[in-house]
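>>> A structural model of the following input is requested.
(2 chains)
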There are 2 protein chains.
Amino acid sequence: MTYCVAIRLEAGLVFCSDSRTSAGVDDVSVYSKMHVFDTAPDRFMVLLSAGNLATTQAVTTRLERDLAGGQRNLNSIGHLDEIARYVGELSQYVQSDFSGQSEQASGLMEASFILGGQIQGQPHEAFMIYPQGNYIAASRAKPFLQIGETKYGKPILDRMISSEITLERAGRCAMLSMDASMRSNLSVGPPIELLLYQADRLAPVQRLLYDADNPYLKALSGAWAEGLNRLFADLPRFDWE
Amino acid sequence: MTYCVAIRLEAGLVFCSDSRTSAGVDDVSVYSKMHVFDTAPDRFMVLLSAGNLATTQAVTTRLERDLAGGQRNLNSIGHLDEIARYVGELSQYVQSDFSGQSEQASGLMEASFILGGQIQGQPHEAFMIYPQGNYIAASRAKPFLQIGETKYGKPILDRMISSEITLERAGRCAMLSMDASMRSNLSVGPPIELLLYQADRLAPVQRLLYDADNPYLKALSGAWAEGLNRLFADLPRFDWE
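Okay, the predicted model is just below:
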């Protein structure tokens, strides 16, 4: 399993992903699910991926190969939503290539993506690309997109995220959302990758890798846990208490 | 959808359930999912239900009817785990009765239950009964059981519940877990029912119904939201901030 989240703010974009893959409890590995492409200087792009690892790797490899010499690639396409479409088409192509006619196999091959970034002169955007290849954009009213094991980490995002907050605040919130997911689901695990992108910079402002022992990750998670305990202990009592 | 949680503590049992049922967004109703049976004075039993409403109603009705005149009923069975088995059998019977041979229909008829309570001279217990009729017990190491839309409300339980805490503390935690589920999933909704059972009392200590405007529910939810905001604002900063 996997958990990835992207947040579209007025200030820019935040991306956060875990690194655990599992094909059964006896086959657990560490793979990055955050891919930053070495695109032309007029654009910046991040792809987060969840689902079948063979599919996501094949899509990423194909994107890189096209970028190196294909007609249609991340540099040649003029709009981010068309790039989302292109990623969706590659994903569909890879899935159908390996699953043949079997409906069961095609379910197992599924993958989801979040594409975020900016092309010079256009707004920064983030898209979630479904296994079927179609996609939706993050908006002011729904600033965050999630893929993978999404539910455990959603309540904190629902509470804390609005599109006006700072990149750092959203970054901390993404990490707490990740923390909740890791606590409740063993198949989501460190290292955690976090990338902050400031609008119009066309390059990451911060790109960080937190392993389980990272001092900041421990301080953040510790302060949150301790604060929650204090807060919980001070809640209003029932009237008979 | 539905969300129900039961917590087995050293001190007793806590039950919490929402009341929203939906068969599509244009068919939303209010039904209680917490059923307290009028059993013999030597025992106390609560049933929480999730899943197909026709199935859960048929099971509850059948339990009541057996209690009024059946050979095998909630009063005649000597152990709570055998009562869990009896509920599971009724659930299986009802499901197969209506779904016929169709696999698709049988999925739609599925229901899950949580049975909790105590028979005099035996420990208090809680069981989760799967749609297949089998069941698991809550334990010291895993004191809470959930059915329905379980994931949004799990992180707070994972953090705060251990079997040594008081009924009231666990009750507040169950309500916060419910609050998180209601915020993240529209198909979970008020009124919220909460029942606290003190071990060996063989009757509820508190049974409460909170509608959306209930002052305590609002105070609890408000204090939690405000405290989270304060806590979030005070988290350790990234080193470049």
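>>> For burial, what's the neighbour tally of the residue in chain A that chain B sits nearest to?
Scanning chain A for the residue nearest chain B gives A:K151, at 3.5 Å (criterion: C-beta to the nearest C-beta). Glycine gets a C-beta too; all of them are placed from N, C-alpha and C. Per other C-beta atoms under 10 Å in any protein chain shown, the neighbour tally for A:K151 reads 22.
>>> A:G69 now?
Residues lying near A:G69 (other C-beta under 10 Å) number 7.
>>> cool, and A:Q95?
A:Q95: 25 neighbours (other C-beta under 10 Å).
>>> Contacts only, for the nearest residue to it once chain neighbours are set aside.
Once flanking residues are discounted, A:Q95 sits nearest to A:M109: 4.5 Å by C-beta to C-beta, 6 or more residues apart in numbering or on different chains. Listed by C-beta atoms under 8 Å, 6 or more residues apart in numbering or on different chains, the contact partners of A:M109 are A:N52, A:A54, A:T55, A:V94, A:Q95, A:F98, A:S99.
>>> Likewise for A:D234?
So A:D234 contacts B:A223, B:G227 (C-beta under 8 Å, 6+ apart).
>>> and it, how far is that from B:A233?
17 Å (C-beta to C-beta, to the nearest Å).
>>> any idea which element the residue of chain A closest to chain B lies in?
Taking DSSP states H and E as the definition, A:K151 sits outside all helices and strands.
>>> Correct me if wrong: it contacts B:S184.
Yes. The pair A:K151 and B:S184 qualifies as a contact (C-beta atoms under 8 Å) at a distance of 7.3 Å.
>>> Now for the two: what residues contact both?
If you check A:K151 and B:S184 against C-beta under 8 Å, 6+ apart, the residues they both contact are B:Y152.
>>> The worst-scoring helix or strand of chain A on mean pLDDT close to chain B?
Lowest by mean pLDDT, DSSP states H and E among the helices and strands of chain A is helix A:103-108, with a mean of 76. No. Using C-beta under 8 Å from any C-beta of the partner chain, helix A:103-108 never reaches chain B; the gap is at least 14.0 Å.
>>> ok, the very next helix or strand once past that helix: who's next to it in the sheet?
Next along the chain after helix A:103-108, taking DSSP H and E as the criterion, comes strand A:111-119. Neighbouring strands of strand A:111-119 in its sheet, by DSSP bridges, are strand A:43-51 (antiparallel), strand A:125-129 (antiparallel).
>>> Let's have the ones you listed in JSON lines, adding mean pLDDT and distance to B:K33.
Formatted as JSON lines, the strands paired with strand A:111-119 follow (pLDDT from 0 to 100; distance: least, C-beta to C-beta, whole Å):
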{"stretch": "strand A:43-51", "mean pLDDT": "97", "distance to B:K33": "32"}
{"stretch": "strand A:125-129", "mean pLDDT": "98", "distance to B:K33": "33"}
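>>> Reformat the ones you listed as CSV; add distance to B:P215 and mean neighbour count.
Listed next are the strands paired with strand A:111-119 as CSV, based on distance: least, C-beta to C-beta, whole Å; neighbours: other C-beta atoms under 10 Å in any protein chain shown:
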stretch, distance to B:P215, mean neighbour count
strand A:43-51, 42, 24
strand A:125-129, 40, 25
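>>> returning to what we had before: distance from the least confident helix or strand of chain A to the middle of the chain?
Between the centre of helix A:103-108 and the centre of its host chain there is 24 Å, according to C-alpha atoms, centre = their mean, to the nearest Å.
>>> likewise stretch A:61-80?
21 Å.
>>> Same check on stretch A:175-185?
That offset, for stretch A:175-185, works out to 14 Å (C-alpha atoms, centre = their mean).
>>> quick one on the thing from earlier: and the spatially closest residue to the residue of chain A closest to chain B that is not a sequence neighbour, what does it touch?
Nearest residue to A:K151 in three dimensions, chain neighbours excluded: B:K151, at 3.5 Å (C-beta to C-beta, 6+ apart). Applying C-beta under 8 Å, 6+ apart, we find B:K151 in contact with A:K151, A:Y152, A:S184.
>>> other SSEs contacting the helix or strand hosting A:Q95?
Counting by DSSP H and E, the element that carries A:Q95 is helix A:80-99. If you count contacts as 3 or more C-beta pairs under 8 Å, 6 or more residues apart in numbering or on different chains; DSSP states H and E, helix A:80-99 packs onto strand A:43-51, helix A:53-69, helix A:103-108, strand A:111-119, strand A:125-129, strand A:135-137.
>>> Contact partners for A:S32?
A:S17, A:S19, A:E193.
>>> between these, which is nearest B:A138?
B:A138 has its nearest neighbour among those in A:S19, at 32.9 Å by C-beta to C-beta.
>>> That closest one - how many residues pack around it?
For A:S19, using other C-beta under 10 Å, the count is 20.
>>> do the same with the one 4 residues further on
Burial measure for A:A23: 11 neighbouring residues, criterion other C-beta under 10 Å.
>>> So for it, what's the nearest residue that isn't a sequence neighbour?
A:A23's closest residue in space is A:L53 (C-beta to C-beta, 6+ apart), at 7.6 Å.
>>> So that neighbour sits against A:T21, correct?
Yes. Assessed by C-beta under 8 Å, A:L53 is found in contact with A:T21 at 5.3 Å.
>>> Return every residue with contacts to both of the two.
In contact with both A:L53 and A:T21: A:Y31, using C-beta under 8 Å, 6+ apart.
>>> so where is chain A shaky, pLDDT-wise?
Low-confidence segments of chain A (pLDDT under 70): A:101.
>>> Alongside chain B, which residues does it contribute?
A:151-152, A:154-155, A:158-160, A:168-169, A:171-173, A:176, A:180, A:183-184, A:206, A:216, A:219-220, A:223-225, A:227-229, A:231-232, A:234-241.
>>> Let's see which of the residues you listed end up in helices.
A:154-155, A:158-160, A:168-169, A:171-173, A:176, A:180, A:183-184, A:216, A:219-220, A:223-225, A:227-229, A:231-232 (DSSP state H).
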